[in-house]
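Undergrad: Sequence first, predicted coordinates after that:
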Amino acid sequence: MTLPAWLTAVTFNDDGLIPAIAQDHQTGRILMMAWMNAEALQLTAQTQTAVYFSRSRAKLWHKGESSGHTQTVHDIRLDCDADVIVLSVTQAGGIACHTGRESCFYQRLDLSGQTPEWQTVDKVLKDPADIYHSHDSTSDTHETENTGANTDSDTIQAQSDTAQAQVDKTSVLQQLDSVLAERKQADADSSYVASLYAKGLNKILEKVGEESTESIIAAKDFANCDESTDKASYDEARHELIYEVADVWFHTLVGLAWFDIESDAVLNELGRRFGLSGIDEKAAR
């Protein structure tokens, strides 16, 4: 396919991608960052709505197709090295982030103390469960690789949110074992997990490390909250910590499944430790 002249002026990386930053048309606030390939950028220019490329699923991703939070594009700019795109957008619903916030960049580094600490400074405008329950979650979902935030915006949790009521919590790990075993045999573009398996163990371990870091940040944020003075922020931080730890558990299970190890093996090991002195057990290793 012959690219138009304006598109050939863009410098894509070795994967054929370019980072795209979405900025609010009225306020100038940075809302999110995602990736585009040539087709996504061309479609964005043609439709004047934001179209990105999901690295985890290796396919185009129309912003808002799961959440309804589409982006109308008013202006597209290219930086001096021609390797970064900035979109000036109107954000439908005022929410760009899968966490239900206006922006994915809702963590600010507080430099006022002796040790710099990340603090959550934006409130959740709408519960993610309400966002994704109200739209067709069978649509394409989005990676969370871009930040510290997902990886980007329309969350990979959309499908699991709508299925939550159908999950038997007493056997959720066993159900996950079964799903993960199926994903190992699936086409890479059929699901997020299948794409991880296609990319190999190093990518899976990278995600475990990434989610562990995010859970640490969430825990420190929660530790700085005071329920008596700000109940809303306290509840929000508590939810964020639970959410991030769930991501750690999930990606760890993906890693175990790579080796054909089921969750029962870990549960049995935890069961073995009941009644044992932690000090004695560690010394006996």
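TA: Arrived safely, thanks for sending. The shown structure was predicted, so the numbers you read here are calculated from the model rather than taken from an experiment.

Undergrad: contacts, neighbours, all on C-alpha from now
TA: Noted.

Undergrad: max-length helix in this protein?
TA: In the chain, assigned by DSSP state H, the helix with the most residues is helix 231-258.

Undergrad: and it, how far out from the chain's middle?
TA: 11 Å (Cα atoms, centre = their mean, to the nearest Å).

Undergrad: who does it touch, helix- and strand-wise?
TA: helix 172-183, helix 201-223 (3 or more Cα pairs under 8 Å, 6 or more residues apart in numbering; DSSP states H and E).

Undergrad: correct me, but residue 192 touches residue 57?
TA: Yes - with contact defined as Cα atoms under 8 Å, residue 192 counts as touching residue 57 (5.9 Å).

Undergrad: So residue 93 sits against residue 72, correct?
TA: No - using Cα under 8 Å, residue 93 is not in contact with residue 72; the gap is 11.5 Å.

Undergrad: So these two - more neighbours on which side?
TA: The neighbour count for residue 93 versus residue 72, taken as other Cα atoms under 10 Å, is higher for residue 72 (19 against 16).

Undergrad: just to confirm, which helix or strand has the more buried one in it?
TA: Assigned by DSSP states H and E, residue 72 belongs to strand 71-78.

Undergrad: May I have the next helix or strand after that strand as PDB, with CA atoms only?
TA: Per DSSP H and E, strand 71-78 leads on to strand 85-91 as the next helix or strand towards the C-terminus. The C-alpha trace of strand 85-91 is given here as PDB (Å, rounded to 0.1, in the frame of the first residue of the first chain):
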ATOM      1  CA  ILE A  85       2.300  12.700  17.900                       C
ATOM      2  CA  VAL A  86       0.100  15.000  19.900                       C
ATOM      3  CA  LEU A  87      -3.700  14.900  19.500                       C
ATOM      4  CA  SER A  88      -5.900  17.800  20.600                       C
ATOM      5  CA  VAL A  89      -9.100  16.100  21.600                       C
ATOM      6  CA  THR A  90     -12.500  16.600  23.100                       C
ATOM      7  CA  GLN A  91     -12.900  13.700  25.500                       C
END
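
Undergrad: if you compare the helices and strands packed on helix 231-258, which one is most tucked away?
TA: Most buried of the helices and strands packed on helix 231-258, by mean neighbour count (mean count of other Cα atoms under 10 Å): helix 201-223, with a mean of 18.

Undergrad: packing partners for that helix?
TA: Counting by 3+ Cα pairs under 8 Å, 6+ apart, helix 201-223 packs on strand 117-120, helix 192-199, helix 231-258.

Undergrad: wait, what's in contact with residue 82?
TA: Residues near residue 82 by Cα atoms under 8 Å, 6 or more residues apart in numbering: 9-11.

Undergrad: again, only using 10 Å
TA: 9-12, 18 (Cα atoms under 10 Å, 6 or more residues apart in numbering).

Undergrad: Against residue 8, how distant is it?
TA: Residue 82 is 10 Å from residue 8, where distance means Cα to Cα, to the nearest Å.

Undergrad: and for the two, which residues touch both?
TA: In contact with both residue 82 and residue 8: no residue, using Cα under 10 Å, 6+ apart.

Undergrad: if we can go back for a sec, out of the contacts of residue 82, who has the most neighbours?
TA: residue 18 (23 neighbours).

Undergrad: hang on, the earlier thing: please point out which parts of the strand holding residue 72 sit buried.
TA: For strand 71-78, the neighbour count (16 or more other Cα atoms under 10 Å) marks 71-73, 76 as buried.

Undergrad: Also stretch 247-261?
TA: For stretch 247-261, by 16+ other Cα under 10 Å, it's 247-248, 250-258.

Undergrad: want to throw the residues you listed into TSV with pLDDT and distance to residue 270?
TA: Shown next, in TSV, are the buried residues of stretch 247-261 (pLDDT from 0 to 100; distance: Cα to Cα, whole Å):
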residue	pLDDT	distance to residue 270
247	90	20
248	93	18
250	92	18
251	94	19
252	95	16
253	95	15
254	95	19
255	96	18
256	96	16
257	96	18
258	96	21
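
Undergrad: Residue ranges in the stretch 101-250 of the chain under the pLDDT threshold?
TA: Residue ranges of the stretch 101-250 of the chain with pLDDT under 70: 132-170.

Undergrad: Out of the buried residues of stretch 247-261, name the two that are farthest from one another.
TA: The largest separation in the buried residues of stretch 247-261, counting by Cα to Cα, is between 247 and 258 at 16.7 Å.

Undergrad: Can you name the next helix or strand after the longest helix of the chain?
TA: helix 263-273.
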